[in-house]
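1. Dropping the sequence and predicted coords here.
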Amino acid sequence: MFVSSSVDIYYPDENSTCIRMQATINISVIATFDPPQAVQFPLENYTILNSSHCSNGSVTAVLNIQTSDGIQLLFLFVEDGTRGVQMNSQILFVPNHLFSNFTQDNETVLLNEQKPKGLPPPDRAYSCSQDDAILMKTSERENVAYSGVIDLIYIQIQAFNLNGSNFGPVEDCGQSVISTPIPATPTPGVPPTNMYILESIDGMKCIVMNTGIEFTIPYTTASGAKSTKVIGVPSSAIVKSGTCTDFGSTAQIALSFYGDWILSLLFTSQNNQLKQIGVAADNQYTLYSITLTYSLSKTLFPDSKDLKIDTTVSVRLDPPQFGTTLGYSYQCATKSTYDIDHGVDISFVNLQYKAFNSDNTTTFDPSKVIKCNQPSPSSPDNSGLSPGVIAVIVIIVVAVVLAAGGVVFFRVRRRHTPYDQVN
């Protein structure tokens, strides 16, 4: 946890400024090691590398920031006469520099922004004091998925056509915390059931999810006491971004609520647990990892000691949960609760979802539903093993392990328990 500070960047210098950025920025990078790891830090100490000047007639400019933590932030500005200026963001890092205890991977990873950010015309500045998180696309390498968040707590920025080093007329995002009140939180234990639909660029509705979600968030009160609060996802939550991919890879959906909270769910179509006991799982997909970025705002945590501290927590579910078959949905009416990290829990209630959806519908076929604690149907390519045979295989595997003299314990981050709420 940390408290962010502000930067004021002039490029190339204050005498002939091409790009100016006043900002308070937090950066998070998440890796799905076992257990998952997240690094977070504010943009404070930096140098400018290999950036481009706004030469006469140029419609592009690049601001390349090297942080003291070894991460590069790239902001690419493209002038478009019909849409103003488009800003594309990237994060570059070397995994063994950030996660030295978990990997020796020394090749640079590039994370691209999921959607460019629209700015005003080049003679105007853009300003926003409402948290605006830029979510990066997931990048996979050597069985590790990397993702990232650039959290723009505050930003005022302009590329091209500055008046010396001065900003032009300022256009505000119109979403300040003062003018946009935070909605009331749902009653603990009964979060509203919302429908979330992720649509690809070509209009394909690739992820459809209907569920209620809530979290148990730990914090320290102003008096120093440890406490928790149950925070539900409100009905005003929106799908902020995501990734639609073909079956055989991963798909991601990110939900935004309370201004700066982001919940990212990563689904995978690889089910190694089933393959290990000899059951073909080529047509299976599951929920693979959960990442939450949240802050202890005064509105939601009025008695918190550490207000406005942005935190990112993540977990790779082992084994993956909510497993079903391609073409089917998964449904579970009962509450499923998982530990994410640092004492943060997530619960799903009245859940039904489908990912890698190819029929472009937002409804669930009642004849193609796998319910919790119900095995998925065998696919045409499956081994054809009956549940009884599969059970025998599991028993044999366990017997072999025990006979070898070793007992293996697995910790599954899941429990079905009532909430213990501290008011």
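-> Cool, the structure landed.
2. which stretches of the stretch 51-200 of the chain have low pLDDT?
-> Where the stretch 51-200 of the chain drops to pLDDT under 70, the residues are 51-58, 80-83, 174-183.
3. all strands in it, in order from the N-terminus.
-> Secondary structure of the stretch 51-200 of the chain (DSSP state E, counting those that start in this stretch): strands at 60-67, 72-80, 84-93, 109-112, 117-119, 125-128, 132-135, 139-141, 144-159, 170-172, 194-199.
4. CSV for those, including distance to residue 42?
-> (Glycine included, C-beta is placed from N, CA and C.) Shown next, in CSV, are the strands of the stretch 51-200 of the chain (distance: least, Cβ to Cβ, whole Å):
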stretch, distance to residue 42
strand 60-67, 9
strand 72-80, 12
strand 84-93, 15
strand 109-112, 18
strand 117-119, 20
strand 125-128, 17
strand 132-135, 14
strand 139-141, 23
strand 144-159, 9
strand 170-172, 23
strand 194-199, 30
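5. Among those, which comes closest to residue 102?
-> Closest of those to residue 102 is strand 144-159, at 8.5 Å (criterion: Cβ to Cβ).
6. Parallel or antiparallel, which strands does the closest one pair with?
-> strand 17-31 (antiparallel), strand 125-128 (antiparallel), strand 132-135 (antiparallel), strand 139-141 (antiparallel) (DSSP bridges).
7. could these be laid out in CSV, adding distance to residue 254 and mean neighbour count?
-> Below are the strands paired with strand 144-159 laid out as CSV (distance: least, Cβ to Cβ, whole Å; neighbours: other Cβ atoms under 10 Å):
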stretch, distance to residue 254, mean neighbour count
strand 17-31, 12, 22
strand 125-128, 19, 21
strand 132-135, 5, 22
strand 139-141, 15, 14
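8. Identify whichever of those strands lies nearest to residue 342.
-> Closest to residue 342 of the strands paired with strand 144-159 is strand 17-31 (Cβ to Cβ; 13.3 Å).
9. now residue 153: how far from residue 286?
-> According to Cβ to Cβ, to the nearest Å, residue 153 and residue 286 sit 34 Å apart.
10. Can you say which of the strands paired with strand 144-159 is nearest to residue 173?
-> Ranking the strands paired with strand 144-159 by proximity to residue 173 (Cβ to Cβ) places strand 125-128 first, at 3.6 Å.
11. Please enumerate residues in contact with the closest one?
-> For strand 125-128, the external contacting residues (Cβ atoms under 8 Å, 6 or more residues apart in numbering) are 20, 119-120, 152, 154-158, 167-173, 175-176.
12. can you do 6 Å?
-> Defining contact as Cβ atoms under 6 Å, 6 or more residues apart in numbering, one finds that strand 125-128 is touched by 119-120, 155-158, 167-168, 170-173.
13. now stretch 214-229
-> With Cβ under 6 Å, 6+ apart as the test, stretch 214-229 has contacts from 191, 230-232, 296, 301, 303-305, 343-347, 422.
14. Strands of the stretch 201-350 of the chain, start to end?
-> Ranges of strands in the stretch 201-350 of the chain, per DSSP E, counting those that start in this stretch, are 205-220, 226-232, 238-243, 250-257, 261-268, 284-295, 310-325, 329-332, 336-341, 344-354.
15. Just want the angle from the first one to strand 250-257.
-> The directions of strand 205-220 and strand 250-257 differ by 50 degrees, with axes from the mean of the first three to the mean of the last three Cα atoms, to 10 degrees as the criterion.
16. Domains in this structure, by residue range?
-> Per automatic domain parsing, the structural domains of the chain span 6-172, 194-399.
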